[in-house]
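[1] Okay, here's the prediction I keep looking at, along with the sequence it came from:
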Amino acid sequence: MRLHLGFGSYKSGSSLTLSGALSGTNSDMSIKNSLNRQCYAQGALVFTFLSFGKFFQAKLGRSKCATKELPNLQRDPFPEIYLIQEPYTCKGKVLGLPFSWKILAAENGTVLVAIRNNNISVIARHVSKEIVVADLFVGSSLITVASFYIPPSKNKSEAILELEEVLKNLNIDSLVLGGDINMRRLIWGPDIPDHRAADDGGPFVDFIMKYNFKIINNPNSLSTFESRNGKSWTDVIISSRGLFHKINDWTFTKCMFSDHSYLTFNIALDFVPPQGDNLRISKSTISGLGIWWQKN
């Protein structure tokens, strides 16, 4: 279902059961999105590692081509969660994304959070023109994600205060934020002069330090924005300190449809023991599951 929420919340999704994986009743996509390739047996009990999968951060510059191509980008595997700024819109509505995705976006908004994986449940926490925040659930694990945008002409201190106001009532122990902040600073990019003041990233740095956040970006990467007028490092991903050690595989990809590059990363969760009646599985079944997995 496509969601364009200005208020309220939505929760949907279903969890993959281990018995369903063994019997082959779940679709290949559901299994591959929910069950890690590594399956650990302790005696006759199976422990699995679950993951929120790949995250995708990008500013699309209202490009119709960039928005329509989003579902086809970054294969093997595809991203599960998208933090997007300036998607293509028509009459205030986001167009070009699959109807099967869960999409949180304000009418006439400049940001969205989109969920590709139906096994990830979603609750909208805040949806406004420049900030969208959602709680995501995989099993009993929860993270909070935010997509935000600070326009070049907007007062940076005021924009950060608005972001703080949104986050103050949320649990930020497991939080990931991605967006185009239109500020530069050495801690997320090199000291290359542009039209921005060298210290204009001060409000965002203060915000990071106040909440003890960690920066995911590699400051030595190529520029996250590049056009004929110049280049800059303004697309930033940060996380809560408690989530930082679970984030890996940060990658950077130049985009042919937008001036901004694509940033991706993964978030892995801790192992999940069997639930309920502690399903016991024979060694032959475990071996069969491994053979099935490699074939698929």
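    Now that the structure is in, tell me what you want to look at.
[2] Break down the stretch 1-150 of the chain into its strands, ranges please.
    Here the stretch 1-150 of the chain has its strands, by DSSP state E, counting those that start in this stretch, at 39-42, 45-59, 81-85, 89-90, 93-94, 102-104, 111-115, 121-127, 131-138, 141-149.
[3] and Phe265, which of those strands is closest to it?
    Taking CB to CB, strand 45-59 is the member of the strands of the stretch 1-150 of the chain nearest to Phe265, at 5.4 Å. From N, CA and C alone the C-beta is placed, and that goes for glycine too.
[4] Report the mean per-residue pLDDT for that closest one.
    In this model, strand 45-59 carries a mean pLDDT of 72.
[5] can the strands of the stretch 1-150 of the chain go into TSV with extra columns for mean neighbour count and distance to Ser174?
    TSV is the format used below for these (neighbours: other CB atoms under 10 Å; distance: least, CB to CB, whole Å):
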stretch	mean neighbour count	distance to Ser174
strand 39-42	12	24
strand 45-59	21	10
strand 81-85	26	13
strand 89-90	14	30
strand 93-94	16	26
strand 102-104	24	18
strand 111-115	26	15
strand 121-127	20	13
strand 131-138	24	9
strand 141-149	22	4
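[6] which of these has the lowest average pLDDT?
    Looking at those, the bottom one is strand 39-42 with a mean of 36.
[7] what's the neighbour count on Pro79?
    Residue neighbour count, defined by other CB atoms under 10 Å, stands at 25 for Pro79.
[8] Hmm, it is touching Phe52, no?
    No. Pro79 lies out of contact with Phe52 (CB atoms under 8 Å); the separation is 10.4 Å.
[9] now the strands of the stretch 1-150 of the chain in JSON lines, with distance to Ala66?
    Below are these laid out as JSON lines (distance: least, CB to CB, whole Å):
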{"stretch": "strand 39-42", "distance to Ala66": "38"}
{"stretch": "strand 45-59", "distance to Ala66": "8"}
{"stretch": "strand 81-85", "distance to Ala66": "9"}
{"stretch": "strand 89-90", "distance to Ala66": "12"}
{"stretch": "strand 93-94", "distance to Ala66": "12"}
{"stretch": "strand 102-104", "distance to Ala66": "16"}
{"stretch": "strand 111-115", "distance to Ala66": "13"}
{"stretch": "strand 121-127", "distance to Ala66": "22"}
{"stretch": "strand 131-138", "distance to Ala66": "18"}
{"stretch": "strand 141-149", "distance to Ala66": "15"}
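[10] Out of these, which is closest to Ala268?
    strand 45-59 (4.8 Å).
[11] Quick check: nearest residue in space to Ile150, chain neighbours excluded?
    Spatial nearest neighbour of Ile150, chain neighbours left out: Ala159 (4.4 Å); criterion: CB to CB, 6 or more residues apart in numbering.
[12] Who are the contact partners of the one you found?
    Glu130, Ile150, Pro203 (CB atoms under 8 Å, 6 or more residues apart in numbering).
[13] The strands of the stretch 1-150 of the chain: which one's closest to Thr251?
    strand 45-59 (9.2 Å).
[14] Output the below-cut-off pLDDT ranges for the protein.
    Within the chain, the stretches with pLDDT under 70 are 1-50, 184-200, 220-233, 255-260, 270-296.
[15] now, which of the contacts of Ala159 lie within helices?
    Among the contacts of Ala159, the members found in helices (DSSP state H) are Pro203.
[16] between the contacts of Ala159, which is closest to Glu107?
    Glu130 (13.1 Å).
[17] That closest one and Phe148, how far apart?
    Distance of Glu130 to Phe148, computed by CB to CB, to the nearest Å: 6 Å.
[18] which residues are in contact with both of those two?
    Val111.
[19] still on that earlier bit, what kind of secondary structure is the residue nearest to Ile150 in?
    Assigned by DSSP: H, G, I helix; E, B strand; the rest coil, the conformation of Ala159 is helix.
[20] And for Ile172?
    When the rule is three-state DSSP, Ile172 gets the label coil.
[21] count of residues packed around it?
    Ile172: 18 neighbours (other CB under 10 Å).
[22] Next, the contact list for it, please.
    Contacts of Ile172 by CB under 8 Å, 6+ apart are Thr144, Tyr211, Ser240.
[23] Quick check, the first one in contact with Ser174.
    I take that to be Thr144. Yes. Thr144 lies in contact with Ser174 (CB under 8 Å); the separation is 6.2 Å.
[24] rewinding a little: out of the contacts of Ala159, who's the most crowded?
    Ile150 (25 neighbours).
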